[in-house]
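In: following is a predicted model, sequence given first.
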Amino acid sequence: MPTKLRAAITGVHGWVPETKLTNSDLEKIVDTNDEWIVSRTGIKDRRILRTPNWATSDMCAEAVKGLLEKTGVKPGEIDMIIVATVTGDMVFPDTANTVCDKIGAKNAFGYDINAACSGFLFALATGAQFVQNETYKKVIVVGADMMSSIIDYQDRNTCIIFGDGAGAVLLEAKKDGTGIIDFVLRGDGSGRELLNMKAGGSLHPATAETVANREHYAWQDGKRVYVQAVKGMTSACEEVIRRNKMTIEDVQWVVPHQANMRIITSVAEHLHFPMEKVMLNIEKYGNTTAATLPLCLWEYEKKLSKGDNIILTAFGGGFTWGALYLKWAY
Ligand code: COA
């Protein structure tokens, strides 16, 4: 019986900067300590981009170049690149076009998606449509953020959490039952009050005052975001599992956004899912925003088998959240 054509991840690659920002480094900058950070967040290190004149597009380009090398795809074969990020190189133009230029993807077009920590999930669902509808053959989806460019290293509520990195996947059509099967994407714009960067947009363009008020940095009401993150990721996972007539036992891996180890543990407990099957990189990279999910897939790639049922889930600024169900293709 012919199987439905689906968009499948046929390759994944990641890139993180070499420079580490450890908990002991942070102890010297703000009033915090390793014990507090590890016990409250699970984070030990983060990577920080320090290469002069490098920005988010350069991290994307490194991840994509590695992906092309691995998959044997030439830059000219790429149809489209979507970059999920909240730290694009410039307000405009978008970073995806810059990435196309930097890697020599002459036949590709691209655009950015801003859904904060859910960005990769939203971009993956978007990219999958173009492949599934047979509009394009090779679509690359990148999740990348240079959070160090918008973090206030005087604010201990945020600076301990975030790091920099990029992960990229290649989407191609498959007819063997593997690929992206379903997703639940949600939003609640009232959440903008609790997690945001206030200035630099059309609401509060940059002035000497916005700079003096430190409004060009990411800000959050951590406690309230935490509660919504657990609720949002749990309910989205439950919904996608239920409507695909699965039980949690049918799932081989859960790939959660890496914002706080306690959030991840709590979601796994609510789902009755074993932590050994939850992908983690928070301890060494912190919260890399749109990059957490593809970086997890990249690092766990060798442990995956064709046909594995995988659920990706995220929660982020907006608020935005969701869960995506796929069958691993290789
Ligand atoms: N080091 C030491 N102490 C700190 C600290 C730090 N870095 N940050 C906060 N504290 C203190 C607080 O001042 C507070 O002290 P008090 O009780 O004397 O007032 C105490 O620790 C507890 O603070 P609280 O804010 O309640 O901590 P928390 O357990 O909620 O952890 C976050 C804070 C930010 C780590 C947590 O709320 C979180 O991870 N939230 C969600 C983040 C998130 O997902 N953001 C990205 C979007 S996806």
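Out: Structure's in. What do you need? Treat the numbers as computed from the prediction; the structure is a model and nothing was measured. Residues are numbered from 1 along each chain as shown.
In: leaving out chain neighbours, which residue sits closest to the closest residue to the ligand within the stretch 101-250 of the chain?
Out: Nearest residue of the stretch 101-250 of the chain to the ligand (C-beta to the nearest ligand atom) works out as Gly222 at 2.8 Å. Placement of C-beta: from N, CA and C, glycine included. The shortest distance from Gly222 to any non-neighbouring residue, by C-beta to C-beta, 6 or more residues apart in numbering, is to Asn157 (5.4 Å).
In: what do you get for Ser24?
Out: Spatial nearest neighbour of Ser24, excluding adjacent residues (C-beta to C-beta, 6+ apart): Asp34 at 6.2 Å.
In: before we move on, what about Thr265?
Out: Spatial nearest neighbour of Thr265, excluding adjacent residues (C-beta to C-beta, 6+ apart): Met275 at 6.8 Å.
In: distance of Ala105 from Val73?
Out: 10 Å (C-beta to C-beta, to the nearest Å).
In: Arg47 too?
Out: To Val73, Arg47 is 26 Å away according to C-beta to C-beta.
In: more crowded one of those two?
Out: Each of Arg47 and Val73 has its neighbours counted (other C-beta atoms under 10 Å); Arg47 has more, 23 against 18.
In: tell me the contacts of the more buried one?
Out: 16-21, 163-165, 284-285, 288 (C-beta atoms under 8 Å, 6 or more residues apart in numbering).
In: apply 6 Å and report the result again.
Out: Applying C-beta atoms under 6 Å, 6 or more residues apart in numbering to Arg47 gives the contacts 16-17, 163-165, 285.
In: now it: phi and psi?
Out: phi -100, psi 140 (degrees, to the nearest 10).
In: against Met59, how distant is it?
Out: Taking C-beta to C-beta, one finds Arg47 at 10 Å from Met59.
In: check Ala116 too.
Out: 17 Å.
In: so what sits opposite the closest residue to Cys117 other than its chain neighbours in the bridge?
Out: The shortest distance from Cys117 to any non-neighbouring residue, by C-beta to C-beta, 6+ apart, is to Gly316 (2.7 Å). Beta-bridge partners recorded for Gly316 (DSSP bridges): Thr320.
In: so Gly316 touches Gly119, yeah?
Out: No - proximity of Gly316 to Gly119 does not meet the contact threshold set by C-beta atoms under 6 Å, at 7.0 Å.
In: neighbour-wise, which of those two wins?
Out: Remark: of Gly316 and Gly119, Gly119 carries more neighbours, 33 against 28, as counted by other C-beta under 10 Å.
In: wait, doesn't the more buried one sit right on Val86?
Out: No - judged on C-beta under 6 Å, Gly119 makes no contact with Val86 at a distance of 7.0 Å.
In: residue contacts, the nearest residue to Tyr300 once chain neighbours are set aside?
Out: Distance criterion C-beta to C-beta, 6+ apart; nearest residue to Tyr300, sequence neighbours excluded, is Met279 at 5.0 Å. For Met279, the contact set (C-beta under 6 Å, 6+ apart) comprises 255, 296, 300.
In: next, count neighbours for the spatially closest residue to His272 that is not a sequence neighbour.
Out: Spatial nearest neighbour of His272, excluding adjacent residues (C-beta to C-beta, 6+ apart): Ile248 at 5.7 Å. Residues lying near Ile248 (other C-beta under 10 Å) number 16.
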